[in-house]
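Student: Next comes the sequence, and after it the predicted model I'd like to discuss.
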Amino acid sequence: MQAKDDTGKALALTRPQKAAAILVALGKPAAGRLLKFFKQEELRELMDGARSLRTIPQGELERIVAEFESEFAEGAGLLDSADTMDTIFNETLSPEEMTALMSNSPVGGPVVEEIEPVWPLLEDVEAERVGVFLMNEHPQAAAYALTNLSPSYAAKVLLAFAKPARGEVVKRMLSVGPVSAEVSLLLEADLRAALIDDSGAQTSSTGQMRVASVLNELDKSQLDEVMDDLASAGATNLDAIRSQLFAFEDIELLEHRYRVTLFDGIGADVVTLALRGVEPALTEAILSALGARSRRMIEAELKADPGNISAVDIIKARRSIASAAIQLASKNAIVLPQAQEAA
């Protein structure tokens, strides 16, 4: 069934008109999120297409949606396309961008910059998360997504599916073919919003850094005790937290080249103070990272009467060295031993 104008004459819908109809059916929040993925010329075509449409009959909208649904998309709704698209554009685009669209003049190039394809970015997400998301999508959508991922990563994602769903998706992968740009855009936008732009992962990473910065203020024995408590409490991502931890005693575990880098920026007086009462193996690990002259001077200081040195000052010196190591690791100048184990 075709849309009709005010005289009842049938109209053949163009692709921009169909796309506009689908966006209207999605509703303003979802449609607004999708608009940022369009180039300026595409936005202009959408607006022109919407302006040439009026009320879309239910049967015609169902036919348009069916075209998408055959490729795994869904849609529903019936609204005045032109008026609704105007509202979506006005609420989503800036006045400058709207002016550029209406006047056919560019605003420093495209409305939005070219964005990186979603598929390579998706492989940086935990495979199980991707699997759980796709399992709630249409099997054809899941099959299409898996064919765009590398075989090794797609296999990991597939393992997250329940067995019945897994078989259905694999069956569809055997015959999945190319899909329209509109349908691909909808799926990629959903994946990006749910798994890549998800602030939950960023919040988790920030939380790990916050916890690690607190734990790094503890002594080695206290640190081990708290980590055991976290494990007993069922805390997740302990390996990610451990990779950011570093105590003075861990210097012995650093590669020699990283020890040299670390102590290259630390004064001899701080090293001497930190080495008071240290086990011979750790002392040798530190002294071996120093130049011959600095080593002789520090060894002489350690043999002399230390005088009235407080335990607090010794701890402070050791923590300053550990903090320096953490700072260097954050700049990728050295690699902490826990991070090497995690890798």
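Tutor: That came through, no problem. Numbers count the residues shown, from 1 in each chain.
Student: how close does residue 190 get to residue 230?
Tutor: Residue 190 is 35 Å from residue 230, where distance means C-beta to C-beta, to the nearest Å. Just so you know, the C-beta spots here come from the backbone N, C-alpha and C atoms, and that holds for glycine as well.
Student: and if you look at residue 243?
Tutor: Counting by C-beta to C-beta - residue 243 and residue 230 are separated by 14 Å.
Student: Please apply the same query to residue 321.
Tutor: From residue 321 to residue 230 the distance is 25 Å (C-beta to C-beta).
Student: what does residue 176 give?
Tutor: Separation of residue 176 from residue 230 (C-beta to C-beta): 44 Å.
Student: ok, now residue 121?
Tutor: Going from residue 121 to residue 230 by C-beta to C-beta gives 30 Å.
Student: Ok, residue 139 next?
Tutor: In terms of C-beta to C-beta, residue 139 sits 40 Å off from residue 230.
Student: Tell me which of the two has more neighbours.
Tutor: residue 139 (20 against 17; other C-beta atoms under 10 Å).
Student: Give me the nearest residue to that one, chain neighbours excluded.
Tutor: Distances taken as C-beta to C-beta, 6 or more residues apart in numbering place residue 168 nearest to residue 139, at 4.8 Å, with adjacent residues excluded.
Student: where does the one you found land in three-state SS?
Tutor: What DSSP: H, G, I helix; E, B strand; the rest coil gives for residue 168 is helix.
Student: again with residue 308
Tutor: Three-state call for residue 308 (three-state DSSP): coil.
Student: quick one, phi/psi of it?
Tutor: phi -90, psi 80 (degrees, to the nearest 10).
Student: give the contact list for it.
Tutor: Listed by C-beta atoms under 8 Å, 6 or more residues apart in numbering, the contact set of residue 308 is empty.
Student: Local confidence estimate at it?
Tutor: pLDDT recorded at residue 308 is 86.
Student: Now do the same for residue 175: helix, strand or coil?
Tutor: Secondary structure assignment for residue 175 (three-state DSSP): coil.
Student: tell me the contacts of it?
Tutor: Contacts of residue 175 by C-beta under 8 Å, 6+ apart: none found.
Student: and if we set it to 10 Å?
Tutor: By C-beta atoms under 10 Å, 6 or more residues apart in numbering, the contact set of residue 175 is 140, 143.
Student: Check the gap between it and residue 140 for me.
Tutor: Residue 175 is 10 Å from residue 140, where distance means C-beta to C-beta.
Student: pretty sure residue 234 belongs to a helix, no?
Tutor: No. Secondary structure assignment (three-state DSSP) places residue 234 in coil, not in a helix.
Student: and the closest residue to residue 289 other than its chain neighbours, what is it in contact with?
Tutor: Nearest residue to residue 289 in three dimensions, chain neighbours excluded: residue 259, at 3.7 Å (C-beta to C-beta, 6+ apart). When contacts are counted by C-beta under 10 Å, 6+ apart, residue 259 touches 251, 252, 253, 285, 286, 287, 288, 289, 290, 325, 334.
Student: Now the nearest residue to the fourth one once chain neighbours are set aside. Its backbone dihedrals?
Tutor: Closest residue to residue 285 apart from its sequence neighbours, by C-beta to C-beta, 6+ apart: residue 252 at 4.4 Å. With angles defined as degrees, to the nearest 10, residue 252 shows backbone torsions of phi -60, psi -20.
Student: I'd say residue 252 and residue 284 touch.
Tutor: Yes. Using C-beta atoms under 10 Å, residue 252 is in contact with residue 284, at 8.8 Å.
Student: hey, what's in contact with both of those two?
Tutor: With C-beta under 10 Å, 6+ apart as the test, residue 252 and residue 284 both reach residue 278.
Student: Have a look at these two and say which one is more surrounded.
Tutor: Higher neighbour count among residue 252 and residue 284: residue 252, with 16 against 12, using other C-beta under 10 Å.
Student: Can I get the host helix or strand of residue 60 in CSV, CA atoms only?
Tutor: Following DSSP states H and E, one finds residue 60 within helix 58-69. C-alpha atoms of helix 58-69 as CSV (Å, rounded to 0.1, in the frame of the first residue of the first chain):
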residue,chain,number,x,y,z
GLN,A,58,-1.0,2.9,9.3
GLY,A,59,-0.8,0.3,6.5
GLU,A,60,1.9,2.2,4.7
LEU,A,61,3.9,2.6,7.9
GLU,A,62,3.6,-1.1,8.6
ARG,A,63,4.9,-1.8,5.1
ILE,A,64,7.9,0.4,5.6
VAL,A,65,8.6,-1.2,9.0
ALA,A,66,8.3,-4.6,7.4
GLU,A,67,11.2,-3.8,5.1
PHE,A,68,13.3,-3.2,8.1
GLU,A,69,11.9,-6.0,10.0
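Student: What segments of this structure are strands?
Tutor: 3-4, 10-11 (DSSP state E).
Student: need the helices for the stretch 101-250 of the chain, in chain order.
Tutor: Here the stretch 101-250 of the chain has its helices, by DSSP state H, counting those that start in this stretch, at 118-122, 127-135, 139-147, 151-158, 163-173, 181-191, 199-215, 220-232, 238-242.
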